[in-house]
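Novice: Build me a structure from this.
(one chain, ligands or ions: 2)
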Amino acid sequence: MPHAEFAASVSAPGGPAIAESVLLTALNRTFGYSSFRPHQREIVEHILAGRDVLAIMPTGGGKSLCYQLPARMAAGTAVVISPLISLMKDQVDSARENNMAAAYLNSSLTGAQASQVYRRLEDGSLDLLYISPERFAMDSFISSLKAARISFFAVDEAHCLSEWGHDFRPDYLSLAAIRRHFPRAPIAAFTATATNAVQQDILAKLTLKNPFQVRASFNRPNLHYEVRPKREVDSQLLAFIREHKDQPGIIYRTTRTAVEKTAAFLDSKGIKSLPYHAGLPQKERETNQEAFSNDEIQVVVATIAFGMGIDKSNVRFVLHADLPKNLEGYYQETGRAGRDSDPSLCVLFYGGGDIPKLRHFLDQIVDEEEKALALRRLNQMADFASRNLCRRRQLLAYFEEEYPEPNCGSCDICTGKAETTDATREAQMALSALVRTGERFGAAHVVDVLVGADTKKVRELGHDQIKTYGAGKHKDKSYWRSLIGEMLGRGLLAMDSGPYPVLKLTEACLPVLQGKEKFEILEMGTRDKPESESKGRSRVSAGAEDIDQELFDRLRALRKTLAQRQAVPPYMIFSDKTLHEMCRHKPVTLSALREISGVGDAKRDRYGIEFVQEIRAHAGAD
Ligand code: ADP
Ligand code: ZN
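Specialist: Ligands and ions are numbered 1, 2, ... in the order given. Alright, predicted model coming up:
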């Protein structure tokens, strides 16, 4: 229904701005949140002011709210283009949970259901209409839209437009029709894909006009990153899951065979888990995904085919049992943890054996350029895993974002959990070799000098006469290559940009050179100790702060019952974060419950009494 209390129209660009207090009231009543996440307010304001928007925000950044709130506030229907049928249904269910008038149109509807949606579009009673992109190729659909009052268009997962992205969907190209047919309606595009090429493609293909552009930070403060040496990986996974009882999580594996094997292993050990990969029949994939969404199983073991469309907000851990092919993928996959912004764990199990296996995959790429690129990406991924450098800093650097803190406090490097070995002496040798050869050479020659290789270049330059020649014989070339890589990565060395890559010292290497500071590297892959000896219980476990676990379990059980009654996934009723807050504040009245983040008017009215009663009963039982 149209909402008199917020009645606003999408104005012409440059129109009057909406007061912040009005936005906050609408936010609080609709979603139960008391503040906006970064950039949300500006995006909502610009949409309501009639301006195009391009928003790049990480998973869990809160993109849906950016168009759901203005859809709720503005007169007319907001049309949301969404790539997956399953995603649409979830979004509509979740909007309805907050009392928004939402519907979708896609090939899963019967003729009668679709006609009903068209009727509601016509009579203006929809806040939100979700559609799949191929509708824009249908003239009849365009005329229906033209006859309706449209507030704005929102293009979700807009990177699907771009052939540069990883999820290119040819259907999305028909979205160029939006601007042609609806020159005055603002278009807001959203994606979590950060690359510049994709961004430019979106701007061009949707012909966005002077759009308001935001690029949110890709830092996910509630995610804890860790890399552990990989040994008997199935047992390591099992041990991890047992330490995180009842917490939903995703395990990524590279191959379908490995997925099946791990899922069967966990199942045999009593962990409720199901596999997911592209080789399974569509129906089975859907069932397995739903079982995970509905908290019927604890763990889904998957290839990267499990991805877009996973809106489950209470994923408490994402484990990578194999090295991913690149950092972009790793970031997107780990990003599925902790959307509700509660603490969540991302653990990568890494062993030297992964690299040859992945190299084998890469060798099958025919196109040489593509192969070289894939190899470069794989090397970045291996660097991430093996470098003694804050994981968060490395991930963000990949997206060209500089992490401002010296210590993130939430990765194995920054918390000192990762095991390191002292390589100060070796670093000094490398630095000395560089100095003595005049900082005029690339890594290959410096390594030759260090190991005392008998090459023509060494002899001609007389480098077999310098003091560091052969000083590093006790290690092999690959050790020195990776040490130099690490020194570059950590800023002790720099690469001179000229016709030939030349290594130079930087200011930052002086303390190490003078022996005032140690240079430590990770012991990754060289260790042999069983997991239990070297690692205690992971220090940061999801939701580690003291909460009343018994109450949490009760509320979670209640949430599940209600979810079954409403036929929606449990996280749509309330997020884990909201349940945690209830455990902390133990509200026993409806108005106290309404103060909890994530409890808006609609949910208070729909579920409030049952939750308040449960909390009272728990208090009485204490
Ligand atoms: P994205 O689509 O960007 O991955 P979602 O829209 O799914 O992110 O939002 C992630 C989670 O954050 C959801 O559970 C959502 O309800 C919650 N959320 C969004 N905005 C806010 C906010 N302002 N305050 C608190 N929680 C929020
Ligand atoms: Zn860190």
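
Novice: which non-adjacent residue is nearest residue 519?
Specialist: The spatially closest residue to residue 519, leaving aside those adjacent along the chain, is residue 427, at 4.0 Å (Cβ to Cβ, 6 or more residues apart in numbering). For the C-beta atoms, the positions are set from N, CA and C on the backbone; glycine is no exception.

Novice: Determine the next helix or strand in the C-terminal direction from the lowest-mean-pLDDT helix or strand in the chain.
Specialist: Within the chain, no helix or strand scores below helix 531-534, which has a mean of 32 by mean pLDDT, DSSP states H and E. For helix 531-534, the following helix or strand on the C-terminal side (DSSP states H and E) is helix 549-566.

Novice: does stretch 86-94 come close to ligand 1?
Specialist: No: Stretch 86-94 does not reach ligand 1 (Cβ under 6 Å from any ligand atom); its nearest approach is 8.0 Å.

Novice: now that stretch: how far from the chain's centre is it?
Specialist: Counting by Cα atoms, centre = their mean, to the nearest Å, stretch 86-94 is centred 19 Å from the centre of its parent chain.

Novice: tell me the angle of the host helix or strand of residue 283 relative to helix 549-566?
Specialist: Taking DSSP H and E as the definition, residue 283 sits inside helix 282-293. Interaxial angle of helix 282-293 relative to helix 549-566 (axes from the mean of the first three to the mean of the last three Cα atoms, to 10 degrees): 140 degrees.

Novice: For helix 282-293, list the C-alpha coordinates in CSV.
Specialist: The C-alpha coordinates for helix 282-293 follow below in CSV (Å, rounded to 0.1, in the frame of the first residue of the first chain):
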residue,chain,number,x,y,z
GLN,A,282,19.4,-28.3,-10.5
LYS,A,283,16.7,-29.7,-8.2
GLU,A,284,19.2,-31.1,-5.8
ARG,A,285,21.2,-28.0,-5.7
GLU,A,286,18.1,-26.0,-4.8
THR,A,287,17.1,-28.4,-2.1
ASN,A,288,20.6,-28.4,-0.6
GLN,A,289,20.8,-24.6,-0.7
GLU,A,290,17.4,-24.3,1.0
ALA,A,291,18.3,-26.8,3.7
PHE,A,292,21.3,-24.6,4.5
SER,A,293,19.3,-21.4,4.4
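
Novice: hang on, the earlier thing: and the residue nearest to residue 519, what is it in contact with?
Specialist: Each residue near residue 427 by Cβ atoms under 8 Å, 6 or more residues apart in numbering is listed here: 483, 487, 492, 509, 512, 519.

Novice: Who does the residue of the stretch 151-300 of the chain at minimum distance from ligand 2 form a beta bridge with?
Specialist: Closest to ligand 2 within the stretch 151-300 of the chain is residue 225: 7.1 Å, counting by Cβ to the ion. When assigned by DSSP bridges, residue 225 has beta-bridge partners residue 346, residue 411.

Novice: Next, count neighbours for it.
Specialist: Other residues near residue 225 come to 23 when the count uses other Cβ atoms under 10 Å.

Novice: and residue 85, how many neighbours?
Specialist: Using other Cβ under 10 Å: residue 85 sits among 17 other residues.

Novice: Model confidence score at it, please.
Specialist: What the model reports as pLDDT for residue 85 is 84.

Novice: That one contacts residue 105, doesn't it?
Specialist: No: in this structure, residue 85 is not within contact of residue 105 by Cβ atoms under 8 Å, at 10.6 Å.

Novice: so what's in contact with the two at the same time?
Specialist: With Cβ under 8 Å, 6+ apart, residue 85 and residue 105 have common neighbours residue 132.

Novice: which SSE is residue 469 in?
Specialist: In this structure, residue 469 sits in neither a helix nor a strand according to DSSP H and E.

Novice: Quick one: residues contacting it.
Specialist: Residue 469 neighbours (Cβ under 8 Å, 6+ apart): 449, 452, 458, 463.

Novice: Look through the stretch 151-300 of the chain and state the residue closest to ligand 1.
Specialist: residue 192 (6.6 Å; Cβ to the nearest ligand atom).

Novice: which parts of the stretch 251-400 of the chain sit against ligand 1?
Specialist: Counting by Cβ under 6 Å from any ligand atom, the stretch 251-400 of the chain comes close to ligand 1 at 311, 313, 339, 340.

Novice: By pLDDT, give me the weakest of these.
Specialist: residue 311 (82).

Novice: doesn't residue 505 make contact with residue 495?
Specialist: No: counting by Cβ under 8 Å, residue 495 stays clear of residue 505, with 11.7 Å between them.

Novice: more crowded one of those two?
Specialist: For residue 495 and residue 505, the more surrounded residue by other Cβ under 10 Å is residue 505, and the numbers stand at 16 against 12.

Novice: per-residue pLDDT, the more buried one?
Specialist: Listed pLDDT for residue 505 reads 94.

Novice: For the top helix by length along the chain, name the packing helices and strands.
Specialist: In the chain, with assignment by DSSP state H, the single longest helix is helix 601-621. Judged by 3 or more Cβ pairs under 8 Å, 6 or more residues apart in numbering; DSSP states H and E, helix 601-621 is in contact with helix 20-31, helix 85-97, helix 549-566, helix 590-594.

Novice: Pick the most buried one from those helices.
Specialist: helix 85-97 (a mean of 20; mean count of other Cβ atoms under 10 Å).

Novice: got the CA positions of it in PDB?
Specialist: The C-alpha trace of helix 85-97 is given here as PDB (Å, rounded to 0.1, in the frame of the first residue of the first chain):
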ATOM      1  CA  ILE A  85      15.000 -16.300  -9.400                       C
ATOM      2  CA  SER A  86      15.900 -17.700  -6.000                       C
ATOM      3  CA  LEU A  87      17.400 -14.300  -5.000                       C
ATOM      4  CA  MET A  88      14.200 -12.600  -6.100                       C
ATOM      5  CA  LYS A  89      12.000 -14.800  -4.000                       C
ATOM      6  CA  ASP A  90      14.200 -14.200  -0.900                       C
ATOM      7  CA  GLN A  91      14.300 -10.500  -1.400                       C
ATOM      8  CA  VAL A  92      10.500 -10.300  -1.800                       C
ATOM      9  CA  ASP A  93      10.000 -12.500   1.300                       C
ATOM     10  CA  SER A  94      12.300 -10.400   3.300                       C
ATOM     11  CA  ALA A  95      10.700  -7.100   2.200                       C
ATOM     12  CA  ARG A  96       7.300  -8.500   3.100                       C
ATOM     13  CA  GLU A  97       8.600  -9.400   6.500                       C
END
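
Novice: what packs against that helix?
Specialist: On a contact count with 3+ Cβ pairs under 8 Å, 6+ apart, helix 85-97 meets helix 63-73, strand 102-105, strand 128-131, helix 282-293, helix 570-573, helix 601-621.

Novice: I'd like to know which of these is closest to residue 390.
Specialist: Minimum separation from residue 390 across the helices and strands packed on helix 85-97 (Cβ to Cβ) falls at helix 63-73, 26.7 Å.

Novice: which residues sit against that closest one?
Specialist: Contacts of helix 63-73 (Cβ under 8 Å, 6+ apart): 3, 6-8, 10, 18, 23, 26-27, 30-31, 33, 37, 39-40, 43-44, 47-48, 53, 55, 57, 77-78, 80, 91, 94-95, 98, 100, 127-128, 151-152, 154, 156, 188, 190, 192.

Novice: Just the CA trace of the helix or strand that contains residue 397, in CSV.
Specialist: Remark: residue 397 resides in helix 391-398, with elements defined by DSSP H and E. Extracted in CSV, the C-alpha atoms of helix 391-398 (Å, rounded to 0.1, in the frame of the first residue of the first chain):
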residue,chain,number,x,y,z
ARG,A,391,45.9,-10.5,5.7
ARG,A,392,43.4,-7.6,5.8
ARG,A,393,46.0,-5.2,4.5
GLN,A,394,46.8,-7.6,1.7
LEU,A,395,43.2,-8.2,0.7
LEU,A,396,42.4,-4.5,0.7
ALA,A,397,45.6,-3.7,-1.3
TYR,A,398,44.3,-6.0,-3.9
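
Novice: circling back: which ones among the contacts of residue 469 also lie next to ligand 1?
Specialist: Applying Cβ under 6 Å from any ligand atom to these, none is adjacent to ligand 1.
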